[in-house]
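[1] below is the structure, and that's it, no one-letter string:
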């Protein structure tokens, strides 16, 4: 047996490190395999059952099939597939997520369904992403990888037929495998064509060589299509992962949805609150932020969140045009009347500070510091020092 296997490898020009016994399933399985991309780490594997049940010509045919995997570079493709798998799935997930966001804009029933989830959407969104990743992994492995495995197995069958110049030994070995395994030859397999399909295709090739060329063309075009696909998917994915592109898309989607909601629900303070946050925090469009916040306060005068945010904007805006210390103080005082939370007191202290009332800023900030938790104390201590420095400067000038 070793002599026959060695002779087939020499004739095909395939080098290997060793031929090994493969006791898979206790050696009862009739199969062979090859592993390793380079000679130093390439091993040809045969099971004891294969040697026991197949005659020498059938053994030659099965080994020729395994040699076909090496000669046709199938192992190189498998390496490429697994190297690109995770990135391709992740980038596909990003693209599908983009499509989902577009669907939220242009397919209103989906938007209302998502909106109805409220706070549960955060959990639902992460759950959907997890299932999407698992689903994409299954699709790629089961259908894309399975497609290539089936067709590579058929190409290896064709190589064995051409190498032996006879389809008979491989057909008879496949027939024996079906009989001994007890499995019907028509039983489908996700990574192999059924034994019946393999035998039928070998007979077609034996009757008309054009079937050989046809399958080689199919493999060639399939690999080209796959390479174009992964380059395209990963190229788009990398572009979408860039901060600039992500910000532009986020601005577009969020802005479009907010504009639609403001138009549809002009009396909904929450919509204008969200719009104010979008323009203030993300877009730095202070004019639109002020307009949205003012509209939210008009609709809901006791909206603590908006009162505090707009007060902070008027007190600290990086564009001095939009600073309004007096208005900031009015809003901050009203917010503190509603709730004496540390961050709200900090806004009031800042509002006192920008109005030149440093001593009141110090007292208010001390109150905020007394209510603050450990994580926020450093920020409030920094604020307090700023206000105390102003008091010191005023005392020195007097």
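    Cool, the structure landed. On a predicted model such as this, the values are computed, not experimentally measured, just so you know.

[2] just for this structure, where's the confidence low?
    For the chain, the stretches with pLDDT under 70 are 101, 104-128, 246, 250, 394-398.

[3] I'd like to know how far the spatially most central residue of it sits from residue 129.
    Residue closest to the mean C-alpha point of the chain, counted by Cα atoms, centre = their mean, is residue 90 at 2.5 Å. Distance, residue 90 to residue 129, using Cβ to Cβ, to the nearest Å: 11 Å. Heads up, the C-betas are built off the backbone N, CA and C, glycines and all.

[4] the residue nearest to the centre of the chain contacts residue 238, doesn't it?
    No: in this structure, residue 90 is not within contact of residue 238 by Cβ atoms under 8 Å, at 10.3 Å.

[5] overlap in contacts, the two.
    Contact criterion Cβ atoms under 8 Å, 6 or more residues apart in numbering; residues shared by residue 90 and residue 238: none found.

[6] tell me how far residue 383 lies from residue 271.
    Separation of residue 383 from residue 271 (Cβ to Cβ): 32 Å.

[7] which of the two has more neighbours?
    More crowded of residue 383 and residue 271, by other Cβ atoms under 10 Å: residue 271, with 23 against 20.

[8] in contact with the more buried one, which residues?
    258, 261-262, 265 are the contacts of residue 271 under Cβ under 8 Å, 6+ apart.

[9] now the helices for the stretch 51-200 of the chain?
    For the stretch 51-200 of the chain, the helices defined by DSSP state H, counting those that start in this stretch occupy 56-71, 74-106, 108-117, 120-139, 146-164, 168-181, 195-207.

[10] Serialize these to TSV and add fields for distance to residue 374.
    TSV is the format used below for the helices of the stretch 51-200 of the chain (distance: least, Cβ to Cβ, whole Å):
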stretch	distance to residue 374
helix 56-71	63
helix 74-106	37
helix 108-117	33
helix 120-139	26
helix 146-164	55
helix 168-181	68
helix 195-207	69
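
[11] residue 351 is nearest to which of those?
    Smallest distance to residue 351 across these (Cβ to Cβ): 32.5 Å, for helix 120-139.

[12] re the thing from before, with respect to residue 305, which of the helices of the stretch 51-200 of the chain lies nearest?
    helix 120-139 (18.1 Å).

[13] ok, the closest residue to residue 163 other than its chain neighbours - how many residues close by?
    Spatial nearest neighbour of residue 163, chain neighbours left out: residue 64 (4.5 Å); criterion: Cβ to Cβ, 6 or more residues apart in numbering. Neighbourhood size, residue 64 [other Cβ under 10 Å]: 24.

[14] go on, residue 24?
    By the measure other Cβ under 10 Å, the count of residues near residue 24 is 13.

[15] pretty sure residue 159 is touching residue 70, no?
    No: using Cβ under 8 Å, residue 159 is not in contact with residue 70; the gap is 9.6 Å.

[16] any idea how far the host helix or strand of residue 347 is from the chain center?
    Using DSSP states H and E, residue 347 maps to helix 342-354. Chain-centre distance of helix 342-354: 42 Å, with Cα atoms, centre = their mean, to the nearest Å.

[17] residue 20 in helix, strand or coil?
    State at residue 20, reduced to three classes by DSSP: H, G, I helix; E, B strand; the rest coil: strand.

[18] what's near enough to touch it?
    Contacts of residue 20 by Cβ under 8 Å, 6+ apart are 43-46.

[19] repeat that for 6 Å
    Counting by Cβ atoms under 6 Å, 6 or more residues apart in numbering, residue 20 makes contact with 43, 45.

[20] now residue 350
    residue 315.

[21] same question for residue 4.
    Shown in contact with residue 4 (Cβ under 6 Å, 6+ apart): 56, 59.

[22] in which helix or strand would I find it?
    Element membership for residue 4, per DSSP H and E: helix 2-12.

[23] now do that helix: distance to the chain's middle.
    How far helix 2-12 lies from its chain's middle: 46 Å, per Cα atoms, centre = their mean.

[24] with stretch 139-157 instead?
    Using Cα atoms, centre = their mean, the mean C-alpha position of stretch 139-157 is found 24 Å from that of the whole chain.

[25] likewise for stretch 259-273?
    Here stretch 259-273 is found 32 Å from its chain centre; the criterion is Cα atoms, centre = their mean.

[26] now stretch 164-171
    Worked out by Cα atoms, centre = their mean, stretch 164-171 lies 46 Å from the chain centre.

[27] what residues sit buried inside that stretch?
    Neighbour-count burial for stretch 164-171, counted by 16 or more other Cβ atoms under 10 Å, picks out 164, 167, 169-171.

[28] end to end, how far does that stretch reach?
    12 Å (Cα to Cα, to the nearest Å).

[29] run through who's touching that stretch.
    Here stretch 164-171 makes contact (Cβ under 6 Å, 6+ apart) with 57-58, 61, 64, 160-161, 199, 202, 206.

[30] how about 7 Å then?
    Residues outside stretch 164-171 that contact it (Cβ atoms under 7 Å, 6 or more residues apart in numbering) are 57-58, 60-61, 64-65, 157, 160-161, 199, 202-203, 205-206.

[31] write the ChimeraX selection for whichever of those residues are buried.
    Buried residues among those (16+ other Cβ under 10 Å), as a ChimeraX selection:
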select :58,60,61,64,65,157,160,161,199,202,205
